[in-house]
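S.K.: Predicted model and sequence below, questions to follow.
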Amino acid sequence: MDIFNVLSLIGGLALFLFGMNVMGEALEKRAGNQLKSILEKLTSNRWKGFLLGAGVTAIIQSSSATTVMVVGFVNSGIMYLKQAIGIIMGANVGTTITAWILSLTGIESSNLFVSLLKPASFTPILALIGIFLVMKNKNSKSADTGTILLGFAVLMFGMETMSDAVSPLRDVPEFQNILTMFRNPVLGVLAGAFLTAIIQSSSASVGILQALASTGAVTYASAVPIIMGQNIGTCVTAIISSIGANKNAKRVAVVHLVFNILGTILWLTMFCIVNAIVHITFLDKSASLLGIAVIHSVFNVACTILLFPFANQLEKIACFIVRDAKEKESIQLLDERLMATPAIAIGQCRRVVEEMMDRTIGGVTRACSLIHLFNEKELESVILAENDVDKYEDKLGTYLVQISKQNLSERDSRVVTELLHVIGDVERISDHSVGIAKSAEEIKDKKLKFSENGSKEISLMIRAVEEIMEKAKAAFQKDDMDAALSVEAMEHVIDYLKHELKKRHIDRLKNGSCTIEQGFIMTDIITSLERISDHCSNIAGCVEEIAHGSLGIHAYAEEIEKTPGSKFYQIYQENMKRYTVDE
């Protein structure tokens, strides 16, 4: 084996890993929303969790990726530790599908139909179909399907390249001597764990072992311990992923590690005892690609059968190793691990935006109450709420920008853009709450008092603004187009109130029932309230954009006079009656 074979081996490994990564990402993007729906329906039933873990891992062909996602889900509060255990066990079984696919490269037959099952025969066709779908429409679901086919073709080509590169090793005595070392079960397990920990993919590690097995120099005695060790090595990715996560997320990584270590120890011990009592003859034979796939599957299924009934005990072990802190740990909703599945990450962002809205609406309500009954503690709470909302905007904005750099579907990309607009509007509403609170403080400091009519008018406008905020929140939470339409109608009513209240204030100035100083503060409050309604209208427009891809709801504003029978016009008229200023 010369330097060119080494370079071919490195190139083949690079193509193998690249193809696996491309295929996995395209599959996640293609099924992102469906995956989210499946997870939302997930219950505490451990069998369902097992099937989910096996299915998802079989699709994306990486137990490491599945476990990292689960760590993120638990860290974000989407899933409980109890649910995660079943998924982890399923992931260990699901990852074996890769070895079965790769075993097809070892097919040897003169029969035409059997030969067509060999990847080298059909991957060029898949690659051709894939590139056609990608070039046809780069932003469609068919393009994602094409990317999946291309990724698979590159993966299989990398596997063939690795096999060809190491084929000369079959005649190298030193190579056979090295592999003989791995007949020692402990060394074999350590070698498998070390290799998998470095490349962080048990599927890729098994693929490399199958490539080496194609030389005929790898015996089953060497392959079995290496395969067992690979299950331990794949835990490294989840452990790294759990750094900085909450306690339950760390426990997920611990469960994964303990499950694989216990499974390896128990079955390796049994394997050694049986082999010592009754020598297993097939161990001295050269391992085939199909044989490695069978061993990989049997071992993972056997581990699951053995430890599945003890899932509660695994949970207790994880809780013992990672103990609760004295203080209660807050749930971190925005987790970078969720970016592996953008649909889930975007869903979490929506939850945080809803919480941000609640803080903002609460801040505005408290600020408005200060106008008639000032309280220093309430003022502080308004300012603290605004500071919290600023932090929400900063964290959400950064997180959404990171999501936007992922390979998103067209709809997900649009949702991210609109969410960025929404958090900007929510933050500006929060700013106006502080402005109203400061005006209330000025009223108190200067010992001012509005006239009876002035107080009633401001209270009327406050009720309208509180209503429009709740409708904007409902429109966002439920994607409610009727609520969005009501927001737009209410915004026009509040515009009318602003102009009417200013006009009435000028009348009071003329008759001497109100002062200039009172007028300045009243104008500031009315302006802040009207701008809050403008931002609520922007949020309603974003709901329409997310749902239909166009801001058609704003077009109603120009049609009020032209279409008096429209739904918008009816809502507008109803609210005008409700918020009419008393003469």
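M.R.: In hand now; what should we look at? As the structure is a prediction and not an experimental result, all values here were calculated from the model. Residues are numbered from 1 along each chain as shown.
S.K.: how far away is the residue in the chain sticking out farthest from the centre from N453?
M.R.: Note on the chain: the largest C-alpha distance from the chain mean falls to N511, namely 61.9 Å (CA atoms, centre = their mean). N511 sits 11 Å away from N453, going by CB to CB, to the nearest Å. C-beta: built from backbone N, CA, C; applies to glycine.
S.K.: K395 too?
M.R.: 44 Å.
S.K.: my guess is Q230 contacts I208, does it?
M.R.: No: judged on CB atoms under 8 Å, Q230 makes no contact with I208 at a distance of 9.7 Å.
S.K.: Now do the shared contacts for the two.
M.R.: Common contacts of Q230 and I208 (CB atoms under 8 Å, 6 or more residues apart in numbering): L195.
S.K.: What segments of the stretch 251-400 of the chain are helices?
M.R.: 289-307, 311-321, 342-369, 376-404 (DSSP state H, counting those that start in this stretch).
S.K.: which SS class is S513?
M.R.: coil (DSSP: H, G, I helix; E, B strand; the rest coil).
S.K.: contacting residues around it?
M.R.: Applying CB under 8 Å, 6+ apart, one finds that S513 lies in contact with S451, N453.
S.K.: Then I468?
M.R.: Here I468 is in contact with V487, M490, E491, I494, I532, S533, C536 (criterion: CB under 8 Å, 6+ apart).
S.K.: cutoff 10 Å now
M.R.: Residues near I468 by CB atoms under 10 Å, 6 or more residues apart in numbering: 486-491, 493-494, 529, 532-537, 539-540, 575.
S.K.: now Q230
M.R.: Q230 touches 95, 189, 191-197, 201-206, 208-209, 260, 264, 296, 299, counting by CB under 10 Å, 6+ apart.
S.K.: ditto for D524
M.R.: With CB under 10 Å, 6+ apart, D524 has these contacts: G435, I436, K438, S439, E442.
S.K.: how about a cut-off of 6 Å?
M.R.: S439 (CB atoms under 6 Å, 6 or more residues apart in numbering).
S.K.: I'd like the mean pLDDT over the helix or strand where W100 lies, please.
M.R.: Using DSSP states H and E, W100 sits within helix 97-103. Per-residue pLDDT over helix 97-103 has a mean of 71.
S.K.: again with stretch 356-372
M.R.: 90.
S.K.: got the buried residues for it?
M.R.: Of all the residues in stretch 356-372, those buried under the rule 16 or more other CB atoms under 10 Å are 356-357, 359-361, 363-364, 366-371.
S.K.: What are the contacting residues of that stretch?
M.R.: Looking at what lies outside stretch 356-372 - CB under 6 Å, 6+ apart - the contacts are 378, 381-382, 385, 388-389, 392, 426, 429-430, 433, 436-437, 440, 462, 469, 473.
S.K.: Narrow those residues to just the buried residues.
M.R.: With burial judged by 16+ other CB under 10 Å, the buried subset of those is 378, 381-382, 385, 388-389, 392, 426, 429-430, 433, 436-437, 440, 462, 469, 473.
S.K.: what about the closest residue to L396 other than its chain neighbours, how many residues close to it?
M.R.: Of all residues not flanking L396 in the chain, I423 sits nearest, at 5.1 Å (CB to CB, 6 or more residues apart in numbering). I423: 24 surrounding residues under other CB atoms under 10 Å.
S.K.: I423 against Y392, yeah?
M.R.: No: with contact defined as CB atoms under 6 Å, I423 does not count as touching Y392 (7.2 Å).
S.K.: before we move on, back to that, ranking the helices of the stretch 251-400 of the chain by burial, who's on top?
M.R.: Highest mean neighbour count among the helices of the stretch 251-400 of the chain (mean count of other CB atoms under 10 Å): helix 342-369, with a mean of 21.
S.K.: so how far is it off the chain centroid?
M.R.: Averaging C-alpha positions (CA atoms, centre = their mean, to the nearest Å) puts helix 342-369 19 Å from its chain's average.
S.K.: swap in stretch 406-422?
M.R.: 13 Å.
S.K.: Repeat that for stretch 382-400.
M.R.: 20 Å.
S.K.: State the mean pLDDT of that stretch.
M.R.: On average, stretch 382-400 scores 88.
S.K.: Contacts for that stretch next, please.
M.R.: Contacts for stretch 382-400 (CB under 6 Å, 6+ apart): 334, 352, 356, 359-360, 363, 366-367, 416, 419-420, 423, 427, 430, 433-434, 437.
S.K.: now the helices: where do they sit in the stretch 51-200 of the chain?
M.R.: Under DSSP H, counting those that start in this stretch, the stretch 51-200 of the chain gives helices at 63-75, 81-94, 97-103, 112-115, 119-136, 141-166, 173-181, 185-199.
S.K.: where's the residue farthest from the centre of the chain relative to T523, distance?
M.R.: 18 Å.
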